[in-house]
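J.: A structural model of the following input is requested.
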Amino acid sequence: MRTPPVDDESRVRRTARAVGWQVTLAASALTILGVIALSVTISLRSRHEQAEHLGSLGHGMHRPDGDWIIDRDQAVLLIIVLGAVGVLLTGLVGWLAARRAVVPIARALSLQRHFVADASHELRTPLTVLSSRVQILQRRLARGEPVDDVAARLRADAQSLTDVLDDLLISAEGAGWDGRPTHVAEVVGEAVRSLEPIAEQGNVALVFTVDGDPLVAIAPVSLRRAVIALVDNAIQHSPSNAEVTVAVSVSPDGMVELHVSDRGPGLRGVTAETVFERFAHTTETGHRRGFGLGLALVRDIADHCGGSISVESTSPDGTSFLLRIPRVSSVRVSDG
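T.: Here you go, the predicted structure:
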């Protein structure tokens, strides 16, 4: 459930009050300490001045009890110095309190920037697919050909777009897996088919194979997002007349493995670890030299479900990525 705006406003007001109280208490404490320090210093200086004064009067002379002898110039200088120190310390306390108070704001702004960047990237491919479907629909209408299947695909693509947005919001709120496993064959196959218009534009063939129909501990939309990011990345780095293969299998340790392989030039200028960082770039020449956010988002999805993503192999003949996701043996539904 998303946090109501009123809660954000309340938190801001509470933070402002906390900073105000911290500065007020610090200023009060410094003022009290300053007064004590000033009183002690003046008292000590007064005794010193008293001794010097009585010494100058000679033996047998004394001053009335309770009188202080103070050097006015020194007292004024002392008050100025203590006041300046108090102002500096109060300013330092205020700066530290304000800096501490804005840490959550800075974190929220960083999360907001990441969410906007992630959403922009996640929507790019579905919107490209929608545009390609519309073009196909227009061509079929112009030729008087049946369009029912294209219209159905358009509806499915629009629903997928909605699901991606919902999944992004759920991920941003920190919600976890709801306990309902996902059929890998169905979700991965659908994700691969949805990218066929983009693959056709680049004259790239998509080949999908699956060993059985394993169940995995991840939401269908999250799995679809990861598959689309990996396959879209493979398409973009593949030359014309190449092939992108997507294969699903189960490893001996009970993990479901998704292999996505392309026939591109391989990873150059970036390591197998840094390729999953945001906006990682290679030295590849051509129309696309970076990985943007796609692989970084796949890593986030894999980490969130207890899986992993790695570079299985890379060479001038192509690159293969391996996504591993925990397998579940039966259908489980979360409580409530």
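
J.: Domain-wise, how is this structure divided?
T.: 5-101, 179-328 (automatic domain parsing).

J.: most packed of the ones you listed?
T.: Comparing the domains of the chain by mean neighbour count (mean count of other C-beta atoms under 10 Å), domain 179-328 ranks first with a mean of 18. (Each C-beta comes from the backbone N, C-alpha and C, glycine too.)

J.: average pLDDT across that one?
T.: Mean pLDDT, domain 179-328: 86.

J.: Same check on stretch 79-91?
T.: The model assigns stretch 79-91 a mean pLDDT of 79.

J.: who's in contact with that stretch?
T.: 23, 26, 27, 30, 31, 34, 37, 38 (C-beta atoms under 8 Å, 6 or more residues apart in numbering).

J.: For those residues, please prepare a markdown table with the additional fields distance to residue 273, secondary structure and pLDDT.
T.: Below are those laid out as a markdown table (distance: C-beta to C-beta, whole Å; DSSP: H, G, I helix; E, B strand; the rest coil; pLDDT from 0 to 100):
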| residue | distance to residue 273 | secondary structure | pLDDT |
| --- | --- | --- | --- |
| 23 | 45 | helix | 76 |
| 26 | 46 | helix | 76 |
| 27 | 50 | helix | 76 |
| 30 | 50 | helix | 75 |
| 31 | 55 | helix | 78 |
| 34 | 55 | helix | 76 |
| 37 | 57 | helix | 77 |
| 38 | 61 | helix | 72 |
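
J.: Redo these as JSON lines? Include distance to residue 98.
T.: Formatted as JSON lines, these follow (distance: C-beta to C-beta, whole Å):
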{"residue": "23", "distance to residue 98": "8"}
{"residue": "26", "distance to residue 98": "12"}
{"residue": "27", "distance to residue 98": "14"}
{"residue": "30", "distance to residue 98": "17"}
{"residue": "31", "distance to residue 98": "20"}
{"residue": "34", "distance to residue 98": "22"}
{"residue": "37", "distance to residue 98": "26"}
{"residue": "38", "distance to residue 98": "28"}
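
J.: Out of those residues, which two sit at the greatest distance?
T.: Greatest spatial distance among those (C-beta to C-beta): 23 and 38, at 21.8 Å.

J.: any idea which helix or strand carries the closest residue to residue 160 other than its chain neighbours?
T.: Spatial nearest neighbour of residue 160, excluding adjacent residues (C-beta to C-beta, 6 or more residues apart in numbering): residue 126 at 6.0 Å. Residue 126 is part of helix 103-143, with elements assigned from DSSP states H and E.

J.: What of residue 44?
T.: Per DSSP H and E: residue 44 is located in helix 5-57.

J.: ok, now residue 225?
T.: For residue 225, the host element (DSSP H and E) is helix 220-236.

J.: if we can go back for a sec, chain center to the helix holding residue 126: distance?
T.: Helix 103-143 sits 18 Å away from the centroid of its parent chain (C-alpha atoms, centre = their mean, to the nearest Å).

J.: re earlier: give me the distance from the helix or strand following the helix holding residue 44 to the chain's centre.
T.: Downstream of helix 5-57, the first helix or strand assigned by DSSP H and E is helix 72-101. Per C-alpha atoms, centre = their mean, the displacement of helix 72-101 from the mean C-alpha position of its chain is 39 Å.

J.: before we move on, back to that, could you list every helix and strand in contact with the helix or strand following the helix holding residue 225?
T.: Note on helix 220-236: by DSSP H and E, the next helix or strand toward the C-terminus is strand 243-250. Secondary-structure packing of strand 243-250 (3 or more C-beta pairs under 8 Å, 6 or more residues apart in numbering; DSSP states H and E): helix 184-194, strand 205-210, helix 220-236, strand 255-261.

J.: Out of these, the one nearest residue 19 is which?
T.: Checked against C-beta to C-beta, the stretch from these lying closest is helix 220-236, at 39.2 Å.

J.: Need the CA coordinates for that closest one. CSV is fine.
T.: The C-alpha atoms that make up helix 220-236 are tabulated as CSV, following Å, rounded to 0.1, in the frame of the first residue of the first chain:
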residue,chain,number,x,y,z
PRO,A,220,5.3,-13.7,-13.3
VAL,A,221,5.7,-10.0,-14.1
SER,A,222,9.2,-9.9,-12.5
LEU,A,223,10.3,-12.9,-14.5
ARG,A,224,8.9,-11.4,-17.7
ARG,A,225,10.7,-8.2,-17.0
ALA,A,226,14.0,-10.0,-16.5
VAL,A,227,13.6,-12.2,-19.7
ILE,A,228,12.6,-9.2,-21.8
ALA,A,229,15.6,-7.2,-20.6
LEU,A,230,18.0,-10.1,-21.3
VAL,A,231,16.5,-11.0,-24.7
ASP,A,232,16.2,-7.3,-25.8
ASN,A,233,19.9,-6.8,-24.9
ALA,A,234,20.8,-9.8,-27.0
ILE,A,235,18.8,-8.6,-29.9
GLN,A,236,20.4,-5.1,-29.8
